[in-house]
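Asker: generate a structure from the sequence data that follows.
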Amino acid sequence: MLNVLIIGATSAIAEATARCYAARGARLFLVARDATRLADIAADLRIRGAIDVGQATLDVNRFDAHAGVLDQAWQLLQSVDVVLIAHGTLPDQGACESSVKTALTEFATNGTSTIALMTALAPRLEAQRCGVLAIISSVAGDRGRQSNYLYGAAKAAVSTFASGMRQRLAKVGVSVLTIKPGFVDTPMTRDFRKGALWATPDAVARGIVHAADRSRSVVYLPWFWWPIMLIIRHIPEFIFKRIRL
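Answerer: Numbers count the residues shown, from 1 in each chain. Modelled structure (predicted):
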């Protein structure tokens, strides 16, 4: 039986991933800020086959509260096979450009809070000498673009931090998985015009579970974002400055 901890469990991708694990009869511990929504998701997962579902509320920017919530998760689960960190926002780039406070708050939510959680989780997984630590980053972190470079910078920090932690924890049997979704049709992106490159949360969730099962290191979801971002990363800077992305 799998023991799964999901932080940011009320996000569309996290909820879809939790459903995948519930269908496999996993024991889950869900963490999010909205207690009412969290309770509704927990009840649904029990119906879908989860053996047990624990839950705790957390504002991820309250770093002093992280340890207590992780204690609750380990108390229920005893050991953890998979941790998924899935919280985040989609900042207004213009607002971040006009307000230092907004920029730093959004960076903390999308970058620093994830790094803090990973730092707190690592010793626990290291002590187990097993497990998968999966983090949702983004293709936006592969190269800064004028439309969302605050968000991209936060995700780049997460990806780089995960790379170093992956190298460290591989020596004790713990896998660190960096998940890089492209465009996903979620409530967070409801105002965007959708097209052929957009994926559903369910499709991304299946990719996450598949990658975690195989202890992958980095996965682009859907897969076609890997060649797309390969091209974008290699556009010469003198050209990149003149195009809109």
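Asker: need the three-state assignment for the nearest residue to Thr105 once chain neighbours are set aside.
Answerer: Closest residue to Thr105 apart from its sequence neighbours, by C-beta to C-beta, 6 or more residues apart in numbering: Asn61 at 7.8 Å. For every residue, glycine as well, the C-beta is placed using N, CA and C. Recorded secondary structure, Asn61: coil (DSSP: H, G, I helix; E, B strand; the rest coil).
Asker: ok, now Ile6?
Answerer: strand.
Asker: hang on, isn't it packed against Arg19?
Answerer: No. If you go by C-beta atoms under 8 Å, Ile6 and Arg19 don't touch, sitting 10.9 Å apart.
Asker: who has more neighbours, these two?
Answerer: Remark: of Ile6 and Arg19, Ile6 carries more neighbours, 27 against 19, as counted by other C-beta atoms under 10 Å.
Asker: give the buried residues for the longest helix belonging to the chain.
Answerer: Secondary structure assigned by DSSP state H gives helix 149-169 as the longest helix of the chain. Residues of helix 149-169 classed as buried by neighbour count (16 or more other C-beta atoms under 10 Å): 149-159, 161-162, 165-166, 169.
Asker: and the helices in the chain, which stretches?
Answerer: 12-23, 35-47, 66-77, 93-98, 100-107, 113-128, 149-169, 201-213, 225-233, 237-240.
Asker: rewinding a little: okay, angle between the longest helix of the chain and helix 100-107 too, please.
Answerer: Angle between the axes of helix 149-169 and helix 100-107 is 40 degrees (criterion: axes from the mean of the first three to the mean of the last three C-alpha atoms, to 10 degrees).
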